[in-house]
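>>> predicted model follows, preceded by the sequence.
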Amino acid sequence: MQGAASREGGQRRRPSSKVLLAAAAGFGLAAAARALRRRQPMDFRDKVVLITGGSRGLGLLIGRELAARGARLAILARDPAELDLARRELAALGGQRVFAVPCDVGNRDEARWAVDTVAERFGRLDVLINNAGIIQVGPLEHMQLEDFEEAMRVHFWGPLYLTWAALPHLRHQEGGRIVNISSIGGKVAIPHLVPYSASKFALAGLSDGLRAELAKEGIYVTTVCPGLMRTGSHVNAMFKGKREEEFSWFAVADANPLASISGRRAARRIVEACRYGEPHLTLTLQAKLAVAASHVAPCLTGRALEAVARLLPGPAEQDGDEARPGWRYSSRWAPSLLTRLADEAAVENNELRRQAVEYGKYGNGKSRPALGEGPGA
């Protein structure tokens, strides 16, 4: 009996030994990852970095961080006036000339021309940061196929076109970096952001695949999946359905310091991940927990997201299909003390330009100007 008990005790101890072995292996892999990270940092001084969506928001913040580190910058965006404003600021900050190129990244010919023009101007290309993006917020009832096509055009095809154009130049340098800004919405589908999430999932898959195949050439691809960031982008996000209600919840969530990360801190961490060629970066603890939950308990996570969708505004009875920018939909919730941090970021990061300067002037029943009217139209 005693021998049997001893054998049973030994059998019970074996699983714990396996757990300890797995934990040791995990710590060993983590240590190896840290050691590898230390072997391959990039010095950004005099490196040529191309940033899409570089005229405002997160792209501008990343540009500021790189300019301070001595990089030679090229920034792409669709609005020439916003580009020129960002160009002048970044040139003054870094003491280097900044090349601003108007470009629609979703246009294959424009993307290729922009990359080749930047490489010709500087004589090289070392880093590509695919940051350009759009945000469409609203219930699925108001989304059209065109919304999905536009999101894919900017978030998937744009980065692919630019990467394809950049690869010959990066290979000529015998190495380089590519950073793709996906989203937590590219890991966990967020209600009322379906076109956005679908396209960010596509970008995350593209980015991870490129990483696996290009690493052997010394070209390291980093997939960035941020959670909520206070960059000020809420004022230029596009809203459908009950737009004022949609904008209110989105702006309040975006500004919450307990749920979001400051844009400057996010930019610093992205630049560091790029410097070390890290495969993946997820920003904010909440985003990491959401990704972990979706893997560990996918059914529970799915039920939770169903509940979230029920709490969000329903479809509008009429006039909800047209997408309009957030700055047009002030309410008692936004702008307010609850959105102050995000609103300050909008000013700091060039989000309140042209008609967007009207943000906050037309709440509480005041009439809004028609699109195409007002300052900067």
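All right, it came through fine.

>>> switch to C-alpha atoms for all contacts and neighbour counts from now on
Fine.

>>> once you drop chain neighbours, what's closest to residue 185?
residue 197 (4.7 Å; C-alpha to C-alpha, 6 or more residues apart in numbering).

>>> I'd say the one you found and residue 186 touch.
Yes: taking contact to mean C-alpha atoms under 8 Å, the distance of 5.3 Å between residue 197 and residue 186 places them in contact.

>>> between the two, which one's more packed in?
Set residue 197 next to residue 186 and count neighbours by other C-alpha atoms under 10 Å: residue 197 wins out with 27 against 23.

>>> the more buried one and residue 133, how far apart?
Using C-alpha to C-alpha, to the nearest Å, residue 197 is found at 12 Å from residue 133.

>>> likewise residue 163?
On the measure of C-alpha to C-alpha, residue 163 and residue 133 end up 16 Å apart.

>>> cool, and residue 228?
Using C-alpha to C-alpha, we find residue 228 at a distance of 14 Å from residue 133.

>>> circling back: make sure the residue nearest to residue 185 is indeed in a helix.
Yes: applying DSSP: H, G, I helix; E, B strand; the rest coil, one finds residue 197 inside a helix.

>>> mind checking pLDDT for it?
Reported pLDDT at residue 197 in the predicted model: 98.

>>> all strands for the stretch 1-150 of the chain, in order.
When assigned using DSSP state E, counting those that start in this stretch, the strands of the stretch 1-150 of the chain occupy the ranges 48-52, 72-77, 99-102, 127-130, 136-137.

>>> before we move on, what about the stretch 151-300 of the chain?
Residue ranges of the strands in the stretch 151-300 of the chain, as given by DSSP E, counting those that start in this stretch, are 176-181, 219-226, 228-230, 238-239, 260-262, 280-283.

>>> in a markdown table, list those along with mean neighbour count, mean pLDDT and distance to residue 78.
Formatted as a markdown table, the entries for the strands of the stretch 151-300 of the chain read as follows, by neighbours: other C-alpha atoms under 10 Å; pLDDT from 0 to 100; distance: least, C-alpha to C-alpha, whole Å:
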| stretch | mean neighbour count | mean pLDDT | distance to residue 78 |
| --- | --- | --- | --- |
| strand 176-181 | 27 | 98 | 18 |
| strand 219-226 | 26 | 98 | 23 |
| strand 228-230 | 27 | 96 | 22 |
| strand 238-239 | 25 | 97 | 16 |
| strand 260-262 | 20 | 96 | 25 |
| strand 280-283 | 20 | 97 | 27 |
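
>>> could you dump those strands into a markdown table and include distance to residue 306?
Below are the strands of the stretch 151-300 of the chain laid out as a markdown table (distance: least, C-alpha to C-alpha, whole Å):
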| stretch | distance to residue 306 |
| --- | --- |
| strand 176-181 | 26 |
| strand 219-226 | 22 |
| strand 228-230 | 20 |
| strand 238-239 | 21 |
| strand 260-262 | 22 |
| strand 280-283 | 24 |
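
>>> and those: which comes nearest residue 148?
For these, distance to residue 148 was read as C-alpha to C-alpha. The smallest value, 13.2 Å, belongs to strand 238-239.

>>> what residues sit buried inside stretch 132-150?
When burial is assessed from 16 or more other C-alpha atoms under 10 Å, stretch 132-150 yields the following buried residues: 132-140, 142-143, 147-148, 150.

>>> just the ones in helices from the residues you listed, please.
Counting by DSSP state H, the part of the buried residues of stretch 132-150 found in helices is 147-148, 150.
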